[in-house]
Every structure is written in C-alpha cells, then in structure tokens.
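**Q** sequence and predicted structure are below.
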Amino acid sequence: MTETWLTWAIKAPGPPEKAGYGSVPVRRLDQILYIVPHSAEGWEAFLKLGHRPGEPASWTLSNCIDGDFYQHYPLEALTYTSGGLTQNRDGLACENEGKKGTPINAKQVANLRRLRTDVAALCPNLRAPLLGQGWREHGELTNGFTSCPSGRIQPLYDSYKEVDLETKDIDARLTALVNDARAIKDRFIRADGQDEVYEIVSGRRVWLISPEVAFARGVLPNLSNVKVINAIQLLAWPEGQL
C-alpha cells in the first residue's frame with residue numbers, strides 16, 4: 001500500500017490494528033472529500049499517541065496549541081474518529097488540542113490552513129473550504145450524536161472571511177469588471193468537471209479559474225458572496241491587466 005505522510009508533520013505512528021475495516025482496509029487519496037477538525041478534549045501528551053488505549057478510537061492528525069502538528073497514520077488509512085465507515089473513508093480526521101470553551105488559537109488555525117492546502121494538492125476531490133463541504137464537523141456527520149467540536153473551530157472558518165486592504169482593492173476592481181459589460185465581453189461559462197470552472201473572456205485574454213485556486217491563493221474577498229466570487233475567481237491579475 002502506498003503511504004502518504006506530510007513532510008512537515010511530526011511522525012508519531014499509532015497502532016496499525018486501529019485503522020481500517022474488514023471490507024475497506026485502506027482508501028485512495030481521491031476518496032478523501034473533506035477534513036474533520038475535532039475537539040480533542042485533552043492535551044498534547046495524550047494526543048500524540050494517536051489513539052485511545054483500550055478503546056476503538058484513533059485519528060490521523062493532532063494539532064497542538066504550541067504549534068506542534070503530528071501525523072499518526074498515512075492519509076490512506078481509515079481511522080476510527082468521525083462516525084462510521086463512510087465518514088471515516090470520506091473524511092480526514094484532525095484532533096485539536098484543548099477543551100470546550102477554548103477556541104483554537106492562531107497557530108492551530110495556521111496548521112489547519114496549511115493542512116488543507118497540502119491535502120488539496122494530493123486529493124483531487126477535496127471539496128471547497130466551506131463549512132459543510134470541505135470542512136465537516138463531527139456533530140453534523142453523526143446527526144447530533146456528539147457536540148464535538150463544541151464551537152472550538154470557529155476561528156478557522158472566520159479566517160476565510162478576513163479581508164485586508166489589498167484584497168479589498170482586488171474586490172473593488174473585480175466588482176467594477178462584473179458591473180461593466182464592456183469589460184467582460186462573454187458571460188461566465190460553467191464547464192464540465194468535478195469542480196466548478198469558469199471561463200472569463202476579457203479582450204483577447206482567457207482565464208480558466210476554479211474555486212480551489214482562489215482559496216489556495218488566499219484572495220477570497222468575501223464568503224458572503226460566494227456565487228460572484230466563484231464566477232470571477234479571483235484573479236490577482238497583475239496591475240494593468242484589469
């Protein structure tokens with residue numbers, strides 16, 4: 001079996017017998033659809049084990065308050081973290097150090113953002129980084145059976161909404177383009193494919209841009225306007241090109 005380990009993570013293998021199902025011992029990377037950030041309800045000394053001794057519980061990744069980031073199983077492994085076989089096959093589980101009432105900190109947010117960027121490069125079917133799509137929560141996946149992650153991951157979701165001055169400038173120029181029919185001569189066209197891909201024709205130049213590109217570049221101006229943002233896919237065109 002091919003094993004994929006993140007080069008920047010601390011490798012701390014968990015017991016091999018605590019991964020896989022009889023009918024589905026491993027998965028392919030293209031089967032990973034989302035990342036599940038859990039609340040560990042515990043601390044690094046326990047987390048870095050990658051499993052709960054004496055229980056059928058294990059997880060692929062541990063994200064710690066001090067910035068340490070552990071990988072316990074290869075990405076192809078099905079750990080016992082997020083529900084049943086389907087959730088553990090489709091989702092990549094990451095436990096986040098801390099307890100209910102303590103949101104994840106900036107180092108943990110940065111680790112999760114980096115994780116998503118790396119996983120997106122390896123897993124072609126990873127969904128867009130929106131809650132309910134490329135980010136899923138344990139409670140949602142189990143229909144409320146658990147309260148995990150107890151609201152602790154909100155700083156990660158908020159990080160996608162942050163807008164700096166440079167991004168505001170890009171947003172303003174893009175909005176001007178959308179509102180000016182003379183600047184964009186053809187309509188946005190949705191192409192076939194797993195992801196939404198849009199073709200923008202402006203003058204003689206053509207850009208093919210997907211939602212993933214925008215997020216990976218960190219140029220997503222505003223999640224409250226996802227349809228427009230996906231359509232114009234964010235460009236970061238050089239000065240003078242707009």
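**A** Received it, and whenever you're ready, just let me know what you need.
**Q** which stretches of this protein aren't confidently modelled?
**A** 162-242 (pLDDT under 70).
**Q** need the contact partners of the biggest helix by length in it.
**A** Criterion DSSP state H: the longest helix present in the chain is helix 106-122. Applying C-beta atoms under 8 Å, 6 or more residues apart in numbering, the set of residues contacting helix 106-122 from outside is 4, 6, 8, 29, 32, 35, 37, 61, 63-67, 69, 75, 92, 94, 96-97, 104, 126, 129, 134, 153, 155-156, 159, 212, 216. (Glycine included, C-beta is placed from N, CA and C.)
**Q** please, a ChimeraX command that selects the buried ones among the residues you listed?
**A** If you want just the buried ones from the contacts of helix 106-122 in ChimeraX, going by 16 or more other C-beta atoms under 10 Å, the selection is:
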select :6,29,32,35,37,61,63,64,69,75,92,94,96,97,104,126,129,134,153,156,212
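**Q** circling back: list the buried residues in the very next helix or strand once past the longest helix of the chain.
**A** The helix or strand immediately downstream of helix 106-122 is helix 138-141, counting by DSSP states H and E. Neighbour-count burial for helix 138-141, with 16+ other C-beta under 10 Å as criterion, is recorded at 138, 139, 140, 141.
**Q** can you add distance to residue 18 and give those residues back as TSV?
**A** Compiled in TSV, the buried residues of helix 138-141 are given as follows (distance: C-beta to C-beta, whole Å):
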residue	distance to residue 18
138	18
139	23
140	24
141	19
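**Q** out of the residues you listed, which is nearest to residue 23?
**A** residue 141 (19.7 Å; C-beta to C-beta).
**Q** in contact with that closest one, which residues?
**A** 36, 82, 83, 87, 91.
**Q** let's see that with 7 Å instead.
**A** By C-beta atoms under 7 Å, 6 or more residues apart in numbering, the contact set of residue 141 is 36, 82, 83, 87.
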